[in-house]
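> I would like the atomic coordinates for the input below:
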Amino acid sequence: MPESQRGARGTTRLTVPGTLSTPLEPSDPVERAHLLERIRDAVLSGTASPGSPRDLVSASWQRSLDAHVDPDHGRPRHVFQSDELADVRGGHLLAPVLPLLRRTLLDVADEAVHMMIVTDARGHILWREGNTDVLRRGDACELVEGTRWSEDSIGTNAMGTALASGRAVQIHSAEHLVRLYHSWTCAAAPIHDPDSGEVVAAIDLTGPLQTFHPSTLALVKAAAELAEVHLHARVVERDERLRARNRPHLDGLRGEPGALLAPGGRVLAAEPTGWLPERVAIPGDGDRVDLGERGEGVLEPLAEGWLLRLAPRTSSRPTLALPFLGAERPVARLDGRPVRLSLRHAEILTLLALHPDGLTADRLASALYGDAGNPVTVRSEVHRLRSSLGCSIISAQPYRLRARVDADFLDVRAALREGKVPAPHILRRGALLPASDAPDVRVERDHLEVAVRGAVLRRGDAEALWALAQSGTAGSDPDLVVRLRRLLPDGDPRRDELDVPVR
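Model prediction:
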């Protein structure tokens, strides 16, 4: 790969130097495969190409290369052993729909020398049926049940690219990134859960490249749509069953606001009608749901689904004190009760206090870890923090503090906003979480230090200057020393301490 095609982190960037006008694609599948092979090799090597890959294919190649898929020696990941597949299949949403897919596609697949493949949302092949010779060829190149065919596992292919793009796609011969699969042609379409709207599977028809036919794409799209219609009918049937079974729970609230929810949070019935959106986010932990201006909801699990009721409003919110200026070992106080915190938990509380409207898991991950932030890690940390403080203190989606916050760093912010200098006892405390290396905490800490120093120097108050000098945040600041020498009267013992570096 030419060095000019590698990014700053060594990731291959696709370019098509010297590309000619894309010629008309041959109608013969084999001739078309030869052309695609020349285009692929030219694009990957950075040499003049006889044409350009389709935009969809080019984008997929880039995603695959970013995931470090080897174009010449790639192999799919084996995830499930044969003895595990039965349980995985049985628990999948599409299991009841499989007979319908068989009736729709298997006769066509066998006659057209294809096989039908069904994957889950992550690209794991769960079912594979069809022409015996094609199945045998699939065995030889690991196109088998239990393997993962997402783009990050095996590169561009119809199943993985349909899942990645959310649309039906057809991939022919050398449009596959990995060379081993250039003798195949395939078409796939994603299948959506009508309850959540999320992609839950992909349906695929795959065969030797000589069997390519444009109608294959239309066929798998029709099969996917038929599967979604069947799933929708099952959801409607389940909804009616849940309403009938669980209505007494809703009536038992005796006129108080409440709702029956499907397992995924969709509202099935509500009293009063329309007081909730169509869907309520089910938290990953705890039984509380943030309902905005209406307060907090309490979830009670039913045999299927949930009963949601309003939590009683308390006369006053709890108070969360965050004395984090100069705090090497941070301790919060919840209604006066001390709560020892890890540095990471103190950082989370600091960021949530600075953003009263809340932060998503993605935004909080970036604020804590920078570009390497992972929202999964953040969710685990917040879960542990909620165990220390109580689930009602931090709401989810977005994460937000549901307490009256008393934070010394917020007091400093407020004083500066009003053109005031913070009180000397606050100035002596020092920097915000001085041991923290979280990007957004560092930014806030630096901002406060610069703003406080400027305000104190402008005011020229000896007590404030001395307090800042004692805080440790100013270090050996010659401007502070000079100003203090001018302001402190002769005989003031503090003048003697100015002969040594101020701390």
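> mind listing the helices for the stretch 1-150 of the chain?
For the stretch 1-150 of the chain, applying DSSP state H, counting those that start in this stretch gives helices covering 29-45, 55-66, 82-90, 98-111, 132-140.
> please name every helix or strand in contact with the fourth one.
Read that as helix 98-111. With contacts defined as 3 or more C-beta pairs under 8 Å, 6 or more residues apart in numbering; DSSP states H and E, helix 98-111 has these neighbours: strand 115-120, strand 125-130, strand 199-208, helix 215-251. C-beta: built from backbone N, CA, C; applies to glycine.
> how about 10 Å then?
strand 115-120, strand 125-130, helix 132-140, strand 199-208, helix 215-251 (3 or more C-beta pairs under 10 Å, 6 or more residues apart in numbering; DSSP states H and E).
> what do you get for the first one?
In terms of contacts (3+ C-beta pairs under 10 Å, 6+ apart), helix 29-45 is packed against helix 55-66, strand 169-172, strand 184-192.
> can you state the direction angle for that helix and strand 199-208?
120 degrees (axes from the mean of the first three to the mean of the last three C-alpha atoms, to 10 degrees).
> how far away is Leu36 from Arg337?
68 Å (C-beta to C-beta, to the nearest Å).
> apologies, that question was intended for Leu308.
30 Å.
> next: Ala372.
In this view, Ala372 and Arg337 are 34 Å apart by C-beta to C-beta.
> repeat that for Arg453.
35 Å.
> Leu36 and Arg337 - which one has more neighbours?
Using other C-beta atoms under 10 Å, the more surrounded residue of Leu36 and Arg337 is Leu36, with 25 against 10.
> which residue sits closest to the more buried one, ignoring its sequence neighbours?
Distance criterion C-beta to C-beta, 6 or more residues apart in numbering; nearest residue to Leu36, sequence neighbours excluded, is Ala174 at 3.8 Å.
> what residues does the one you found make contact with?
Residues near Ala174 by C-beta atoms under 10 Å, 6 or more residues apart in numbering: 32-41, 53, 57, 156, 181-183, 209.
> so for stretch 150-158, mean pLDDT?
Average pLDDT, stretch 150-158: 97.
> now it - C-alpha only, PDB.
C-alpha atoms of stretch 150-158 as PDB (Å, rounded to 0.1, in the frame of the first residue of the first chain):
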ATOM      1  CA  SER A 150     -20.100  -8.100  10.000                       C
ATOM      2  CA  GLU A 151     -17.800  -5.800   8.000                       C
ATOM      3  CA  ASP A 152     -15.400  -5.600  10.900                       C
ATOM      4  CA  SER A 153     -15.000  -9.400  10.800                       C
ATOM      5  CA  ILE A 154     -14.800 -10.200   7.100                       C
ATOM      6  CA  GLY A 155     -15.000  -7.000   5.200                       C
ATOM      7  CA  THR A 156     -17.500  -6.000   2.500                       C
ATOM      8  CA  ASN A 157     -20.200  -8.600   2.000                       C
ATOM      9  CA  ALA A 158     -24.000  -8.400   1.400                       C
END
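> and the contacts of Ala174, which of them are buried?
If you count burial by 16 or more other C-beta atoms under 10 Å, the buried members of those come out as 32-33, 35-36, 39-40, 53, 57, 156, 181-182, 209.
> run through the stretch 151-300 of the chain and note the low-pLDDT ranges.
Low-confidence segments of the stretch 151-300 of the chain (pLDDT under 70): 285-286.
> so which of the helices and strands packed on helix 29-45 gets nearest Val376?
Closest to Val376 of the helices and strands packed on helix 29-45 is helix 55-66 (C-beta to C-beta; 19.6 Å).
> what angle sits between the closest one and helix 29-45?
Using the same axes, to 10 degrees: helix 55-66 against helix 29-45 is 50 degrees.
> helix 55-66: which residues count as buried?
56-65.
> now it: mean pLDDT?
pLDDT averaged over helix 55-66 gives 96.
> counting by contacts, list what it packs against.
Going by 3+ C-beta pairs under 10 Å, 6+ apart, helix 55-66 lies up against helix 29-45, helix 151-154, helix 158-165, strand 169-172.
> minimum distance to Arg75: which of the ones you listed has it?
When the helices and strands packed on helix 55-66 are ranked by proximity to Arg75 (C-beta to C-beta), helix 151-154 comes first, at 7.2 Å.
> can you list the domains in this structure?
Split into domains by automatic domain parsing, the chain comes to 1-251, 253-310, 319-497.
> quick one: terminal-to-terminal distance for the second one?
In other words, domain 253-310. End-to-end distance for domain 253-310: 10 Å, by C-alpha to C-alpha, to the nearest Å.
> any idea how far it is from the chain center?
24 Å (C-alpha atoms, centre = their mean, to the nearest Å).
> buried residues, stretch 224-240. List them.
Neighbour counts over stretch 224-240 (16+ other C-beta under 10 Å) mark 224, 226-228, 230-231, 235, 238-239 as buried.
> burial of the closest residue to Thr147 other than its chain neighbours, as a residue count?
Leaving aside its sequence neighbours, Thr147 sits nearest to Pro76 (C-beta to C-beta, 6+ apart; 4.1 Å). For Pro76, the count of nearby residues is 25 (other C-beta under 10 Å).
> same check, this time on Gly91
9.
> quick one, phi psi at it?
Phi and psi for Gly91, reported as degrees, to the nearest 10, are phi -90, psi 0.
> what about it, distance to Glu84?
Applying C-beta to C-beta to Gly91 and Glu84 gives a distance of 11 Å.
> for Ala168, same thing?
Distance, Ala168 to Glu84, using C-beta to C-beta: 29 Å.
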